[in-house]
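Asker: Just a sequence and a predicted model for now, questions to come.
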Amino acid sequence: MTKFKFYTIFLISAILVGCGTNPFTGKSTLALVPNSQILPTSFQQYNQVLEESDVIEEGEQAQMIERVGYKIANASERWLAQNGYPDYTENYKWEFSLINDDQVNAWAMPGGKIAFYTGILPIAENEAGVAAIMGHEVAHALANHGQQRMSAAQIQQAAGAVGTIAIGDDQQSQQLFATAFGLGSQLGVMLPFSRKHETEADEIGIKLMAIAGYNPEEAAKLWQRMKENSGGGGPPQFLSTHPSNDSRIQNLRSMTEEAKKEAAKFGVTSFE
């Protein structure tokens with residue numbers, strides 16, 4: 001079998017077979033790398049970050065991060081159980097850590113490992129603001145966005161190999177193709193893919209924070225503060241891994257009432 005046929009078959013098979021399902025959207029997702037491989041590595045990397053960081057383990061702020069985190073995680077598990085996915089998080093190991101660092105950031109790793117930096121807390125401003133961030137990060141973990149990014153990168157690599165082989169031995173043509181393919185796939189596929197994940201995490205997260213009892217109206221307010229903190233700057237949206245602040249604010253405002261309706265299904269009609 002030629003290299004061209006091999007990579008072509010791999011690419012087609014990956015797209016047709018390597019799929020999972022996002023329980024929150026019902027849509028197919030890329031899942032070339034199984035969670036059985038991803039989660040042990042994720043847990044190991046998370047522990048390594050904690051070992052190399054100044055983790056705050058005591059005090060009101062650390063307690064708040066854990067409290068909010070578990071409330072959001074419990075809300076997600078209630079939603080999953082009610083919607084036919086009672087065992088979805090059986091291999092997750094929820095953990096919520098506060099790191100003493102001025103970065104305005106929080107992140108999630110596959111399997112329920114979440115980190116907050118103290119630098120983002122002033123912008124969160126209150127516990128509901130923390131819940132908006134936490135809902136977003138928990139949503140990333142639940143929607144397997146890390147798995148999808150790894151899978152998309154594999155497909156991108158295979159597609160590039162197919163194109164290079166098809167061109168032949170002309171080095172100049174190969175170089176031109178590599179440049180055009182790299183730029184085109186990044187701007188046309190990978191960055192929109194990442195922005196889609198961010199919007200999806202916002203949509204899932206705002207519902208989870210509402211089910212957990214936090215006012216979903218705080219999500220748009222949080223991003224208004226994030227915009228003010230950044231000075232309203234940033235690259236054009238098409239060059240960014242994230243939607244623009246204005247897009248997020250508008251989207252979150254439009255999602256607020258739906259989040260309240262979702263919370264009402266779980267008997268939650270008043271919010272913190």
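Answerer: Good, I have the coordinates.

Asker: what's the pLDDT at N144?
Answerer: pLDDT, N144: 75.

Asker: and if you look at P110?
Answerer: 87.

Asker: Now for it, how many residues are close by?
Answerer: 24 (other CB atoms under 10 Å). Bear in mind the C-beta positions are built from the backbone N, C-alpha and C, glycine included.

Asker: That one is in contact with P40, isn't it?
Answerer: No - with contact defined as CB atoms under 8 Å, P110 does not count as touching P40 (10.0 Å).

Asker: Touching, W107 and I120? I think so.
Answerer: No - applying CB under 8 Å as the test, W107 and I120 come out as separate, 10.4 Å apart.

Asker: The two: which is more packed in?
Answerer: I120 (20 against 14).

Asker: In contact with that one, which residues?
Answerer: I120 is in contact with Q103, V104, N105, A106, I133, counting by CB atoms under 8 Å, 6 or more residues apart in numbering.

Asker: Using CSV, please lay out those together with secondary structure, pLDDT and neighbour count.
Answerer: Shown next, in CSV, are the contacts of I120 (DSSP: H, G, I helix; E, B strand; the rest coil; pLDDT from 0 to 100; neighbours: other CB atoms under 10 Å):
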residue, secondary structure, pLDDT, neighbour count
Q103, coil, 91, 12
V104, coil, 91, 16
N105, coil, 91, 13
A106, strand, 93, 22
I133, helix, 96, 26
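
Asker: Any figure for the gap between N144 and D102?
Answerer: 30 Å (CB to CB, to the nearest Å).

Asker: Neighbour count for these two, which is higher?
Answerer: N144 (24 against 9).

Asker: And the more buried one, how far from Y88?
Answerer: 10 Å.

Asker: Ok, A115 next?
Answerer: 22 Å.

Asker: who's more crowded, those two?
Answerer: A115 (22 against 16).

Asker: list the contacts for that one?
Answerer: Applying CB under 8 Å, 6+ apart, we find A115 in contact with Y46, V49, L50, S97, L98, I99, A106, W107, A108.

Asker: Tell me if I'm right that the fourth one and D54 touch.
Answerer: Spelled out, it's S97. No - here S97 does not reach D54: they are 10.7 Å apart, not a contact under CB under 8 Å.

Asker: Which residue of the two possesses the greater neighbour count?
Answerer: S97 (20 against 10).
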